[in-house]
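**Student:** just coords:
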């Protein structure tokens, strides 16, 4: 992905160039971490964490197995809580996106296209338009695939600095530039006069706090809020700059790709996670949203395993998705992280991870069994998932004739898809892609509601019939 | 009011939220299928014939009601299985949520979704400029729509309880009563804009269903009195 950024010149909406590399990198890292946890998971069945670093695994395995069954039950039992922990941020993100789309007209105006989608959709014939959108989608997907593979390669060759740098640049760009544009548009819509100095101050504060929260330490809620805001911003950019048919096609293909990349043995994401697990490394502060992260650093001594786990989760959460590339990667990662992270969280509980504590933890022998309060387990979801869900709902609210009905239908469909995915997660205990089920439901419901339900409801409302 | 119900009784327990969303989803699917049928019927018929169109619409409504009840039944089956799973998983051998609570939440889910679909476009339009009923239609359009929607949401909630209770105790007449009530309410809405014909029966039916559901859930006049007097 890094490479991609390098190659991409400034295009008209040059904002997105650099993001890609970062995203991919983050994803790779995340994937590796996830894989690691995954393996540990399988052995332990949600309870014992010690395996993260690889060393304790042998010692702990026996201890872990005793609690395996209990853990399974606990996992499923608290599954509802986890689902809600994910529902809320996804809902918030979607609400923000829909609210913005409805009120700020900037995001529904066609101001051109990204360089990744060079073919226009304003063609004369339907066939031409279809062809163009297919080509656009193909280009986008191949870009994503290339970036992911690049990320895997980079990770394999331990170019961590590059990855880190990309991440930081992407999040910088996202936090400052995109939010500046967003703020400007909101002010324009509501006709609020604002001077540059105030704006500069606000954006500066927002951006700096965001960078600190996401890449370093920060209060959990604030971190979550920043990740949500960033996902919403990204989704808005997507909605604005992707033409109609291309957007739907990309959504569909992304979910297929997510499925393939996460579940196939030769998929890039899977390889990434495997590599990370072999090296017993944590993934980079990638684009993963984590629902719990509370432990303090001083807990490390008592519970190295837990710490390790939480750190990983924390890291995952921290990487905001900055660019499209990131999103794609994230989407894939999201699948991983979600499942894997849940496992991890379940096992570890929330932990605040800092580079220091991670190092400390990894140095410690893992022989203590973690006893976590099951209540504190969390779930993780990749930011790419957030972004694509929001893109779907935002597009539904922007361009549907059924307007709110369609938006509502897509919203419910996505939530149900998320529920099902989490259920599968609890059953299979492996990294799973979070996109396919939800996006499929969302797409089906969007097209069905828009074309079938809308005329029906219109007629009913006209005559004031009630069903 | 329905939203208040949601906040006070459902929002705290995550399991209930999931059941709620799943209920809304089932209602949505039933709506989808019924509108599919209606759409096919419309496309296959003559678009110029007003009476036929209206007739088709009525047919669509009835069919949709039947489908909704069918989906409520399917949802009941799913929840039964889910309860068994939850019981197996729980530590002390009893489910964290009872079938009655599930019935209530499922009913609210159905109701909320149905209400949302009925009202939300109206609300969005209501924010914009315009005069109600300028073309000779009733001026009370928005008001009556709001009341009708509210009564429907409540009715769905009560029907949920009654329906599940009927399924639990295998009293088919209860289930049939729910279906007939639903058909009646929808049918009464055909009298619109003669609002007295639709709103009044609906509210009466709602009161009846409320009392019935209350009794089924174990309440009694005594409980009610105690509650009201804050004992």
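**Tutor:** Nice, I can see it. Everything numeric here is computed off the predicted structure, so don't read it as measured data.
**Student:** ok, residue A:130 touching residue A:245?
**Tutor:** Yes - under the criterion of C-beta atoms under 8 Å, residue A:130 lies in contact with residue A:245, with a separation of 6.9 Å. C-beta coordinates here come from the backbone N, C-alpha and C atoms, glycine included.
**Student:** neighbour count winner among those two?
**Tutor:** A count of neighbours by other C-beta atoms under 10 Å in any protein chain shown puts residue A:245 above the other of residue A:130 and residue A:245, at 17 against 14.
**Student:** SS state for that one?
**Tutor:** Reduced to three states with DSSP: H, G, I helix; E, B strand; the rest coil, the structure at residue A:245 is helix.
**Student:** if you skip the residues just before and after it, what's nearest to it?
**Tutor:** Using C-beta to C-beta, 6 or more residues apart in numbering or on different chains and skipping residues adjacent in sequence, the residue nearest residue A:245 is residue A:133, 3.7 Å away.
**Student:** again with residue B:185
**Tutor:** Closest residue to residue B:185 apart from its sequence neighbours, by C-beta to C-beta, 6+ apart: residue B:202 at 5.2 Å.
**Student:** Quick one, grab the pLDDT at that neighbour.
**Tutor:** You'll see residue B:202 listed with a pLDDT of 73.
**Student:** and it, how many neighbours?
**Tutor:** Other residues within reach of residue B:202, judged by other C-beta under 10 Å, total 24.
**Student:** wait, it sits on residue B:182?
**Tutor:** No - because the distance of 10.9 Å does not satisfy C-beta under 8 Å, residue B:202 is recorded as not touching residue B:182.
**Student:** any weak-confidence spans in the stretch 101-250 of chain A?
**Tutor:** A:110-113, A:115-117, A:121, A:217 (pLDDT under 70).
**Student:** just the strands in chain B please.
**Tutor:** Here chain B has no strands by DSSP state E.
**Student:** pLDDT weak spots in it?
**Tutor:** Low-confidence segments of chain B, defined by pLDDT under 70, are located at B:1-14, B:45-49, B:88-100, B:119-142, B:190-199, B:217-227, B:230-231.
**Student:** And chain A, is the top helix by length along chain B touching that?
**Tutor:** If you go by DSSP state H, chain B has its longest helix at helix B:50-89. Yes - using C-beta under 8 Å from any C-beta of the partner chain, helix B:50-89 reaches chain A at B:53, B:54, B:57, B:58, B:60, B:61, B:64, B:65, B:68, B:85, B:86, B:89.
**Student:** Could you identify the buried members of those?
**Tutor:** Buried residues within the residues of helix B:50-89 next to chain A, defined by neighbour count using 16 or more other C-beta atoms under 10 Å in any protein chain shown: B:53, B:57, B:60, B:61, B:64, B:65, B:68, B:86, B:89.
**Student:** ok, so of these, who is nearest residue B:176?
**Tutor:** The shortest separation between residue B:176 and any of these is 13.2 Å, and it belongs to residue B:65 (by C-beta to C-beta).
**Student:** check contacts around the closest one.
**Tutor:** Contact criterion C-beta atoms under 8 Å, 6 or more residues apart in numbering or on different chains gives A:467, B:179, B:182, B:183, B:186 as the residues in contact with residue B:65.
**Student:** Closest one to residue A:425 out of the residues you listed, please.
**Tutor:** For the contacts of residue B:65, with residue A:425 as the reference and C-beta to C-beta as the criterion, the closest is residue A:467, at 35.7 Å.
**Student:** What residues does residue B:152 make contact with?
**Tutor:** Applying C-beta under 8 Å, 6+ apart to residue B:152 gives the contacts A:466, B:111, B:114, B:115, B:118, B:185, B:202.
**Student:** With distance to residue A:123 added, can I get those residues in CSV?
**Tutor:** Rendered in CSV, the data for those read as follows (distance: C-beta to C-beta, whole Å):
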residue, distance to residue A:123
A:466, 43
B:111, 46
B:114, 41
B:115, 42
B:118, 39
B:185, 49
B:202, 51
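**Student:** ok, which stretches of chain B are helices?
**Tutor:** According to DSSP H, chain B carries its helices in the segments B:2-5, B:14-43, B:50-89, B:99-126, B:141-168, B:172-188, B:195-216, B:221-228.
**Student:** My error: substitute the stretch 201-350 of chain A in the last question.
**Tutor:** In the stretch 201-350 of chain A, helices defined by DSSP state H, counting those that start in this stretch lie at A:220-241, A:244-263, A:268-279, A:304-318, A:324-348, listed in chain order.
**Student:** Next, the angle from the shortest one to helix A:244-263.
**Tutor:** Between helix A:268-279 and helix A:244-263, the angle comes out at 40 degrees (axes from the mean of the first three to the mean of the last three C-alpha atoms, to 10 degrees).
**Student:** For helix A:268-279, the averaged confidence score.
**Tutor:** Per-residue pLDDT over helix A:268-279 has a mean of 72.
**Student:** could you say what helices and strands that helix packs with?
**Tutor:** Applying 3 or more C-beta pairs under 8 Å, 6 or more residues apart in numbering or on different chains; DSSP states H and E, one finds that helix A:268-279 makes contact with helix A:19-44, helix A:126-156, helix A:244-263, helix A:324-348.
**Student:** after the longest one comes which helix or strand?
**Tutor:** Once helix A:126-156 ends, the next helix or strand along the chain (criterion: DSSP states H and E) is helix A:160-172.
**Student:** Just give the nearest non-adjacent residue to residue A:176, would you?
**Tutor:** Setting aside the residues directly before and after it, residue A:176 is nearest to residue A:207 in space (C-beta to C-beta, 6+ apart), at 4.4 Å.
**Student:** What's the local residue count around the one you found?
**Tutor:** Applying other C-beta under 10 Å, we find 19 other residues in the vicinity of residue A:207.
**Student:** Surely it touches residue A:175?
**Tutor:** Yes - with contacts counted by C-beta under 8 Å, residue A:207 reaches residue A:175, the gap being 4.2 Å.
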